[in-house]
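> structural data only, the sequence is not supplied:
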């Protein structure tokens, strides 16, 4: 993982964080965290990860989630994804995220807590 400045809406700005994911010297994707304010949570750090197609299905997403959360200044980070995106949910869970999706929510909501991840 290589820290980057990010761009607007993708980890740029004073409340954002961004990293480039590399594997064997090649770009495999990106991961970023933004501070957002949206229901049902309110203000919170939100992580997004995007992998190149060739990098998918190889465990890189799990590593990306885990390294980004560990490197982040935030102690609680949420991941929002489509409920049908089982690959992202599996990668996030393997990185220490817990499903906390409210019954009325249309998207899956998972959360990582630094204190829980350290145990």
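Yep, it's here. None of the values given here were measured: they were computed from a predicted structure. Numbers count the residues shown, from 1 in each chain.

> which element is encountered next along the chain beyond the strand ranked longest in the chain?
Identified as the longest strand of the chain according to DSSP state E is strand 26-38. Under the assignment DSSP states H and E, the closest C-terminal helix or strand after strand 26-38 is strand 42-51.

> and the helix or strand just after that next one, what other elements does it pack with?
Sequence-wise, the next helix or strand downstream of strand 42-51 (DSSP H and E) is helix 60-71. Contacts defined by 3 or more Cβ pairs under 8 Å, 6 or more residues apart in numbering; DSSP states H and E place helix 60-71 against strand 17-23, strand 26-38, strand 42-51, helix 86-94, helix 114-117. Placement of C-beta: from N, CA and C, glycine included.

> rerun at 6 Å
strand 26-38, strand 42-51, helix 86-94 (3 or more Cβ pairs under 6 Å, 6 or more residues apart in numbering; DSSP states H and E).

> next SSE downstream of the last one?
Going down the chain from helix 86-94, the next helix or strand is strand 98-99, by DSSP H and E.

> show me the contacts for the residue nearest in space to the middle of the chain.
By Cα atoms, centre = their mean, the chain has its centre lying nearest to residue 47, at 3.2 Å. Residue 47 makes contact with 33, 77, 79, according to Cβ atoms under 6 Å, 6 or more residues apart in numbering.

> just name the closest of those to residue 114, please.
Using Cβ to Cβ, residue 77 is the member of the contacts of residue 47 that sits closest to residue 114, with 8.5 Å.

> and the closest one, which helix or strand is it part of?
Using DSSP H and E, the element containing residue 77 is strand 76-82.

> tell me how far that strand lies from the chain's centre.
6 Å (Cα atoms, centre = their mean, to the nearest Å).

> then stretch 71-84?
The answer for stretch 71-84 is 5 Å, by Cα atoms, centre = their mean.

> can you list the buried residues in it?
72, 74, 77-81 (16 or more other Cβ atoms under 10 Å).
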